[in-house]
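**Student:** sequence first, predicted model second:
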Amino acid sequence: MKRILLLSLALVSVIIISCNQSTKTKEMVKKDVFGTHNGKEVYLLTLTNKAGNVIRLTNFGAKINWIEVPDKNGKKDNITLGYDSFEETLKGDKYFGAVVGRFANRIANGKFTLDGVVYHTPLNDGPNTLHGGPLGWHSVVWNTEVVKDSKFPSVKFTYVSPDMEEGFPGKVDASVTYTWTDNNEIVMDYTCTTDKKTIVNITNHAYFNLHGAGNGDILDHVVTLKASAFTPVDSVMIPTGEIRQVAGTPFDFNTPHPIGERINDKYDQLKLGKGYDHNYILDNKEEVDVTVYEPVSGRMLEVLTDQPGMQFYTGNFLDGTQIGHGGKVYKYRSGMCLESGHYPDSPNHADFPTTVLNAGETLKSTTIYRFSVKSN
Ligand code: BGC
């Protein structure tokens, strides 16, 4: 009798403990249906940290849909470009918040060679392949797993990219885990493995506006970017191979400068990029690679990465045709991107850090977006 009693007590406590745990997970990560795409369910995941701040993710393109953080007076606003519904997300700008792969940024003429074999990828940006091709990883439904053993709200998205998808060799198993810490950091942990030699360059393409998405442009955002050099581009945005020092040019952000201060200078690369749209070669000497401070709200974004490059893009192609969250219009230069990763067109530049991933190797990389406020 006593044994039965003890056993039932143990059973009851196991049930209570597991119920508590699932309530805890539920509070931190809420999973709602957002839509369906190609027969697969698309979710909107709401992650709330202990500071009470919210980010939203979707497994369609493993995108960041919403980042709601306070300004210096405690007023919260969403500071990333995105859409309220799945239908708008599907029809709208492809890259808002997306994980971009298998090869982020451009591949010249959609062509590269591995072990003497020439591979062709689809041309979706003039003569080049951009962001893994039109059906790259930004456009697929990833599998969703709410990470249970995490101290912070955390979601892992996984995707199996088949051999020769968008022309790239090898079946790649990709994952991105987003963790929203209590310190208002989005930690993005990426992994990739392949069954055959391939190339990988993975990034996140979130657009930020620290005034709040849709509230004016980003020209007053003050940027500090720890990079001594960048890779100049040609007329179709492919690196020429030159490594140019930033010192004495409008590309030098080693000390803080508002984006708008020099963006219209008569400088060849600003003309070719229609503003800043360039890969910086990170010095990787300090913990924080990029700081963005917006003086009106006091909001600050810091970017930390283990990657060698950072595409600094000032929304030069935003043109007011996209209507985002809350019906807000995303005008010219109303968002900026900081895309950590490898240099554009690396497979065609032997002297750039390699983007080759061999069978049996695991690509592991981490980038962090950290949000805070500064009151002066
Ligand atoms: C590129 C831009 C491109 C944009 C598309 C950026 O990564 O550098 O040139 O227009 O992506 O959203």
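**Tutor:** That came through, no problem. Numbering: from 1, shown residues only.

**Student:** which residues of this structure lie near the ligand?
**Tutor:** The chain comes close to the ligand at residues Y95, N105, M237, D277, Q311, Y313, F317, E339, as judged by CB under 6 Å from any ligand atom. Placement of C-beta: from N, CA and C, glycine included.

**Student:** of those residues, grab the buried ones for ChimeraX.
**Tutor:** In ChimeraX syntax, the buried subset of those is picked out as below (16 or more other CB atoms under 10 Å):
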select :95,105,237,277,311,313,339
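
**Student:** tell me which of the residues of the chain next to the ligand fall in strands.
**Tutor:** Judged by DSSP state E, these include D277, Q311, Y313, E339 as members of strands.

**Student:** so which of these is the closest to V147?
**Tutor:** Nearest to V147 out of those is E339 (CB to CB; 24.3 Å).

**Student:** circling back to that earlier point, now tabulate the residues of the chain next to the ligand in a markdown table and tack on pLDDT.
**Tutor:** A markdown table is the format used below for these (pLDDT from 0 to 100):
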| residue | pLDDT |
| --- | --- |
| Y95 | 98 |
| N105 | 98 |
| M237 | 98 |
| D277 | 98 |
| Q311 | 98 |
| Y313 | 98 |
| F317 | 97 |
| E339 | 98 |
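
**Student:** what mean pLDDT does the top strand by length along the chain get?
**Tutor:** Under DSSP E, the strand in the chain containing the largest number of residues is strand 362-373. For strand 362-373, mean pLDDT is 98.

**Student:** helices and strands around that strand, which ones?
**Tutor:** Using 3 or more CB pairs under 8 Å, 6 or more residues apart in numbering; DSSP states H and E as the contact test, the elements touching strand 362-373 are strand 63-70, strand 185-194, strand 299-305.

**Student:** most centrally placed residue in the chain?
**Tutor:** N204 (1.5 Å; CA atoms, centre = their mean).

**Student:** need the ones in strands among the residues of the chain next to the ligand in a markdown table with distance to N254, can you?
**Tutor:** Formatted as a markdown table, those follow (distance: CB to CB, whole Å):
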| residue | distance to N254 |
| --- | --- |
| D277 | 19 |
| Q311 | 18 |
| Y313 | 19 |
| E339 | 19 |
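
**Student:** quick one, strands of the stretch 101-250 of the chain?
**Tutor:** Taking DSSP state E, counting those that start in this stretch as the test, the strands found in the stretch 101-250 of the chain are 106-107, 111-114, 117-120, 129-130, 143-146, 154-161, 172-180, 185-194, 198-199, 203-204, 207-208, 222-225, 227-231, 244-245.

**Student:** who's in contact with the longest one?
**Tutor:** Around strand 185-194, the neighbours that count as contacts under CB atoms under 8 Å, 6 or more residues apart in numbering are 55, 64, 67, 99, 101, 170-181, 200, 202, 204, 357-371.

**Student:** now, of those, which are buried?
**Tutor:** Among those, those buried by neighbour count (16+ other CB under 10 Å) are 55, 64, 67, 99, 101, 170-172, 174-181, 200, 202, 204, 357, 363, 365, 367-371.

**Student:** and the residue of the chain closest to the ligand?
**Tutor:** Y95 (4.1 Å; CB to the nearest ligand atom).

**Student:** just to revisit the earlier point, and which of the ones in strands among the residues of the chain next to the ligand is nearest to N128?
**Tutor:** D277 (13.4 Å).

**Student:** what sits against that closest one?
**Tutor:** So D277 contacts V233, M237, Q311, F312, Y313, T314, N316 (CB under 8 Å, 6+ apart).

**Student:** kindly present these as a markdown table, with separate columns for distance to K271.
**Tutor:** Shown next, in a markdown table, are the contacts of D277 (distance: CB to CB, whole Å):
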| residue | distance to K271 |
| --- | --- |
| V233 | 11 |
| M237 | 12 |
| Q311 | 18 |
| F312 | 16 |
| Y313 | 16 |
| T314 | 14 |
| N316 | 11 |
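
**Student:** closest to S346 out of those residues?
**Tutor:** Among the contacts of D277, and counting by CB to CB, the member closest to S346 is Q311, at 12.3 Å.

**Student:** that closest one touches Y276, doesn't it?
**Tutor:** No - applying CB atoms under 8 Å as the test, Q311 and Y276 come out as separate, 9.3 Å apart.

**Student:** how many neighbours does Y190 have?
**Tutor:** Neighbour count for Y190, taken as other CB atoms under 10 Å: 23.
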